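Asker: Sequence plus predicted model, see below.
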Amino acid sequence: MTNTESTPVLELSGVRKTFGSVTALADGSLTVHPGSIHALVGENGAGKSTLIKIVAGLHQRDAGTFRFRGQDVAFSSTAEAKNAGIAVIYQEPTLFPDLSVTENIFMGRQPRSRAGRIDKQAMIAEAERIFTRLGVDLDPRRPAQGLSIADQQIIEIAKAISLDAHLLIMDEPTAALSGVEVERLFAVARSLRDEGRGIVFISHRFDEIFDLCDTITVMRDGAYVGTTPTHQTTNDELVTMMVGREVTELYPKTPAEIGETVLEVEGLTAAGVFSDVSFTVRAGEIVGLAGLVGAGRSEIARAVFGVDPYDAGTVRMHGRSVGKHSPTAAINAGMALVPEDRRQQGLVVESSVARNIGAAIRSRLARLGLISAASENRAAGPWASRLQVKTSALSMNAATMSGGNQQKVAIAKWLATDPKLLIIDEPTRGIDVGTKSEVHRLLSQLAGEGMAILMISSELPEVLGMADRVLVISEGRISAELSREEATAEKVMHAATARHEAIREEAVA
Amino acid sequence: GDGGNGGDAGSDGEDLNITFLPKNLGNPYFDTSNAGGAEAIEEFGGSYSEVGPQEATPDGQVQYINTAAQQGEDALVISANDPSAICDALNEARDVGVAVVTFDSDTSPDCRDLFINQASAEGIASAQVELVAEQIGGEGQIAILSAAANATNQNHWIELMEAELEANYPDIELVDVVYGDDDDQRSFDQTAALLQTHSDLDAIVSPTTVGIAAAARYISDSNYAGEVAVTGLGTPNQMREYIEDGTVEAFALWNPEDLGYLAAWAAHALATGEIEGNEGDTFEAGRLGEYTVGEDGEVLLGDPFVFTAENIDDFDF
Amino acid sequence: MSTAQRLIRNVLASRETAIVLVILAVIAVATSMNQSFLFSGQGWRDLLLTPSILIVMAVGSAIVIITRNVDLSVGSTLAITAYLTGRLFIDIPGIPVVAVVLIGILVGAGLGLINGALVAFGKVPALVVTLGTMYIYRGAVLTWAGSDRINASDMPREFLRLGTYQVATIPLLTIVAVVVLLAAAYWLASTRSGREMYAIGSNPEAATLYGLPTTKRVITAFVVGGALAGLAGVMYAARYGTVSSGAGMGWELQAIGAAVIGGIAIFGGSGTVWGAAFGAILLMTINRTLPIIGIPDFWQRAVVGALIIGAIVLDRYLAARQSRKLQEARQR
Amino acid sequence: MTTTTPAPAAAESVQLGERRRRYANYHRPWWFRAFITTEFLIIALLALVWLWATVSVENFSGPLTVRYLLLDIAPLMMIALPMTLVIITGQIDLSVASIMGLSSVLVGIFHVEWGLSIPVAGALAILVGILCGGLNGFLVAYVKLPSLAVTIGTMALFRGIAVGLLGTTALTDFDPEWTSLATSSLGESRVPAVVVPVVVLIAVFAVLLHFTPFGRGLYDIGHNEEAARFSGVNVARSQMTTFILSGAVSALAGIFYTLRFGNSRGDNATGLELEVIAAVLLGGVLIFGGRGALHGVIAGVLLIGVISSALRLEGVTVNVINIIIGVLLIASVMAPQIVSGLQRWRPGKEKR
Ligand SMILES: Nc1ncnc2c1ncn2[C@@H]1O[C@H](COP(=O)(O)OP(=O)(O)OP(=O)(O)O)[C@@H](O)[C@H]1O
Ligand SMILES: Nc1ncnc2c1ncn2[C@@H]1O[C@H](COP(=O)(O)OP(=O)(O)OP(=O)(O)O)[C@@H](O)[C@H]1O
Ligand SMILES: [Mg+2]
Ligand SMILES: [Mg+2]
């Protein structure tokens, strides 16, 4: 129900942005009409976020035209864009942890009584109004500190709504949201659309796009590829537009013969996060950890790998128990963990590709306790090339790489340790389809060579496609163990949500 | 200069480089004494320079002693922050031919050539005791506000004062000795603390110019004005208003200007080889006339002088 | 829960209250040892007078620290304005006291502006910039004053009397400090710009994304901090009557210490100027108490250090408990 | 342990995509990496200043200069080494000068008052230094408190204990053999003997920082603590180590200081921490951690030393020297901005 005759709220064409040598955006074009939800899709590094940041006034474009509500504009600061009526939800939540939820929403725009004094009561009341509209119950006075990622997103959304802007931009807002929360967000988005606002929605999840959006614009390598109404296109068409080639079918798990037990976890418990978790992973086997966001899967993985402590239970590799709360011990025992958050946990993005890939094997690279750049480069080169990392030299630092490439470096770093067990958390979160299938192919190859793999994923198809066995986690406990044969979407979702739903019912009531 | 002796000293004093190194800069007492030094050097036509640390610490002084040695100064006139800590440095300087004269505060005799003593310790001690005794009518509690707790001269005086009190003033009780480190704010707060702790204190004796000024100022606008007497060693300019407003009856001091003046002439005598610095040597000190080197290479300036409302206006330093 | 209840609970739980209690305890001890500590005109006056200068400095430092910055140069700034005060009286005979105070504040603000500009535009960490300007400002005043020193006799009586003047037994300097405190507290708690200070300190990157005028606010913080240091300089001259170029050495750390003890988080975003002020009072009162309870006041610095450590350890403990509460709150 | 890396062997098996890629090791030519660096800037500056001093400062080329110069910067140089490590991990240690003062006081008390020999007294003082560093390290690494706040506190605490123990008195009668050893020269030369331990320390720290997994770990911690933890770097222990090193070396410097000036006072070396930090940052170490190299730091220390020495000879007073150091300090942190302006864009991560 796009009303094409009205003047577009946002018009970008031929927009260009370079950062030093990197061309983030070659030819960005996007036209958004009021009363429309417009999807912006593309591989990692396609330039979506950059485009958004230009609209938001965070970056200034080097070339191209930028019209907002028919006017030519050039925002020199986010403040200008905001005042013009553009609200943006960025890829990563950006809150003030020390301040109350309410202040986070109204910072800089607090309702004022006479003498410029902030009217705290009015402010809190307004916040409560927005929360009821979003159907969440959050104490508007509590500090933002310690909110779950999901709740943090909710605040971001509340922020954007309270602006009541003409254009609302959401850059992968759902990446960390659970099903229920996504539904709520969509409801709000739709009602905003019906109020005649323009909405731009960036996501890598096609199901969401087809569910929510009426128009889709595709980008590739920083350039505009095309725009189509949602109902006139298909999943595969989109993928081809994005990648520029047919993508080899996803989830190509090739059956490998299962060997002896590698990892044994028994009665693992960490108060308040997970309890009594027991499972095994065998050589050549991919075990999937499914569950809702916040179920505690990452925590389990972190505890097994020794990054977090645990209160009770044992972790054994090849029958020998592994010292708790010591990644070093885990690494020496042959474990590797590719964590869920690349930029914060997976890599030291400010340092070079070579150093990153060498990071986990330094003690092995060292001779007589001494290590040299040469030895690091020697070790890193082959791995970078095996994973087809896109970089000009090993001395480039990872900061400017796109999500997909960073993930490749992170995986290379851990494969370099020659692990017997690979724990990989959200292997393809925020990664484009092209890279995605590469990663999947890699995983099954590794399994084929007899590596034991524990894969955490929030994407059901991925789990079902890749895993030989599926463990479903719900609120920190294993609620089901399903073989590849028995594992179906219904069974997994049921095991993952059963108790959640019960709780949510009474929460809403 | 006066007299043939001074005259020909002048002629061969032409090219003398003499450095004055006070305990610390920003201390009016040394400004005055060094001014005297400058005056003397003017007279015999050498070149005068003053350097010094910000805080009165020995390690601060060492760097300047070293520099003087590097520059090959002819003489170094210094008031020591520590009797032994700066000895090595001084001796290194003497090895490269720098004549070392200490004044106001001495080092151990074996690391300087001459010490210009402002007044015999006995003289200073008894002068202050007399002053305080007559101001509090021979009986009561007194406290001492000194400079740094290891300032050689101060401690020596305090010992002698204690002895003097023991001997001749049984009714005067010395209740406390505190240290203001020749730092104005610290001395000020120390005074406050003193009066706080000893509620029936009758007098504060401060054998340091910074201390006495701070004490006088605190008392002058506190409720203790008129009740607690302040005396000790001070400079007229700092003390003038407290003499005038009656906070302070009288205080003592030698003339620091003469002290520096004499030190400079002594340095001149050594640098020109006029004297060796041995006991009995005599040298001409410009307007102050002739002086004789005593035992341990000490030269005594004279007796301390008592400033009162009557005479204070005759002085400006 | 009603606002009243919440208010009461906050007051009881707050760091500020805790410190006030400690201060009262200290005073009680000191007084029990020596009546005149509290119950003599002099004791009462010193009790109020001694902390007043540090309060002004601490409030300034607090404002800067809240924006996730720090100003090490305030001690040197104090020295400059204190000496300037004296010079003005000497060089411009009969200059009105008000003019001198204003000039002092302005000069302080100017010096703060230099810091702020370097930090905000040069994108250089405040710790380094103000470490540099601390050297520079101190060096400047040392060069300017040389070994010269301002004596009480150089300054007009009426100005010096301000240092000890009392209104209903309350020293004027204390009143000045309290006014500064109230103004700062209102600004930070109840105005947009004030709250933005906290936001910027709490998460600078977010502040930029959010479109807050980060640069402007940071500069403001430094200017205000500098102005207060300047005012403190004038107060110093009035209180101590003598100004040497070494005035206020090490005060920057006292001020920061006071702020930290008062619950200002060293990396910004939380704490109140009330806390900072109470921290200052606590430090100074302990100073004066030590000799009375028979501890040589050389140990004062050790006590200050212990207090700072204690304060931040306490904060960490409370913070940990807090976030555990929030976690649990979310889990149900 | 193993002499060859397992990487290539294992990598053979895994092969994404068909084409192999070879990567250049560096994206910058060698001269760029060598000369367009903050370190090189500071070294060049040092050379210039030295040149200027020898040419135009009277007596600078004199025999005593080098001797006094080295004696003066010895403590600065010693402490700058561990301070570099601390700052590279993104922390800071403001308490070093206070530890110096404390160890100075303790050596005095142990030797002068208790009559222990200097080696024993020194060993005890260093032990205390290690404890002080340990306290800092514990609070920062294990209690996870911000080092700025912690060391502002311990700065006051340690200095307070030092001053508390001795008041303003000073202990001065040290065993002359040792005091003269502290200022003695190597053989006939004018070079003070203290350069030997200093050079040894420099060598040790250079290897530790630039050629060991531990050193690599320090950079990672400075960049991103969490990521370092995930790749098996023992963050807490590394930080603890850097602070203990800093405490121990500071105590050592304190002993040297005490013996050189033959006096042990509570306020010895007051304010030196700032000079040390100035020197380290001047040497191109990034205050936020993750960046910096030891040769730059050494140049930074020497620069401060040469400037002070030359200007003192010129009769310039210490306060002007301080102004110059301040200006240099600010300029030096501006420099990386300019340098990295020349170099590739890099995201401005600024938190500690
Ligand atoms: N500040 C920057 N400096 C240098 N290069 C940058 C910068 N920001 C982005 N880039 C580069 O520009 C390209 C586009 O980045 P952008 O974040 O817009 O991609 P994206 O489409 O948002 O990817 P994703 O789906 O992973 O979020 C990437 O190659 C990235 O490395
Ligand atoms: N940002 C956060 N701050 C504090 N606790 C969090 C945060 N995010 C999650 N948690 C808590 O940690 C536990 C596990 O969360 P986590 O997101 O790691 O689970 P997960 O199953 O790994 O979900 P994901 O799909 O995000 O990996 C839950 O109890 C959740 O409440
Ligand atoms: Mg993006
Ligand atoms: Mg997870």
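Answerer: That came in fine, so what should we check first? Ligands and ions are numbered 1, 2, ... in the order given.

Asker: center of chain C - which residue?
Answerer: Nearest to the geometric centre of chain C sits residue C:58, at 1.2 Å (C-alpha atoms, centre = their mean).

Asker: Secondary structure element holding that residue?
Answerer: Here residue C:58 sits within helix C:41-66, counting by DSSP states H and E.

Asker: Say whether chain B is contacted by that helix.
Answerer: Yes - judged by C-beta under 8 Å from any C-beta of the partner chain, helix C:41-66 comes into contact with chain B at C:41, C:42, C:43, C:46, C:50. From N, CA and C alone the C-beta is placed, and that goes for glycine too.

Asker: returning to that earlier point: tell me the spacing between the residue nearest to the centre of chain C and ligand 1.
Answerer: Remark: distance between residue C:58 and ligand 1 (C-beta to the nearest ligand atom, to the nearest Å) = 39 Å.

Asker: do residue D:101 as well
Answerer: For residue D:101 relative to ligand 1 (C-beta to the nearest ligand atom), the value is 46 Å.

Asker: Could you pull up the residues touching that residue?
Answerer: D:158, D:159, D:162, D:163, D:254, D:265, D:266, D:267, D:268, D:269, D:270 (C-beta atoms under 8 Å, 6 or more residues apart in numbering or on different chains).

Asker: Quickly check: the strand or helix carrying the second one near chain A or not.
Answerer: Secondary-structure assignment from DSSP H and E places residue D:159 in helix D:147-166. No - with C-beta under 8 Å from any C-beta as the threshold, helix D:147-166 lies outside contact range of chain A, at a closest distance of 15.8 Å.

Asker: packing partners for the next helix or strand after that helix?
Answerer: Later in the chain than helix D:147-166, the nearest helix or strand by DSSP H and E is helix D:176-183. Helix D:176-183 makes packing contacts with helix B:87-95, helix D:235-261 when contacts are defined by 3 or more C-beta pairs under 8 Å, 6 or more residues apart in numbering or on different chains; DSSP states H and E.

Asker: The longest one - contacts with which helices or strands?
Answerer: Pointing back at helix D:235-261 there. By 3+ C-beta pairs under 8 Å, 6+ apart, helix D:235-261 packs against helix B:58-71, helix D:63-88, helix D:96-108, helix D:118-137, helix D:176-183, helix D:213-223, helix D:225-230.

Asker: With the first one instead?
Answerer: Under the contact criterion of 3+ C-beta pairs under 8 Å, 6+ apart, the helices and strands touching helix B:87-95 comprise helix B:58-71, strand B:75-78, strand B:99-103, helix D:176-183.

Asker: Just the angle for the longest one relative to strand B:99-103, thanks.
Answerer: Here helix B:58-71 runs at an angle of 150 degrees relative to strand B:99-103 (axes from the mean of the first three to the mean of the last three C-alpha atoms, to 10 degrees).

Asker: Show me how far helix B:58-71 is from its chain's centre.
Answerer: 21 Å (C-alpha atoms, centre = their mean, to the nearest Å).

Asker: same thing with the last one?
Answerer: In terms of C-alpha atoms, centre = their mean, the centre of helix D:176-183 is found 25 Å from the chain centre.

Asker: How about the shortest one?
Answerer: The gap between the average C-alpha position of strand B:75-78 and the chain average comes to 15 Å, counting by C-alpha atoms, centre = their mean.

Asker: Same question for stretch C:94-109.
Answerer: Relative to the chain's own centre, stretch C:94-109 is displaced by 20 Å; criterion: C-alpha atoms, centre = their mean.
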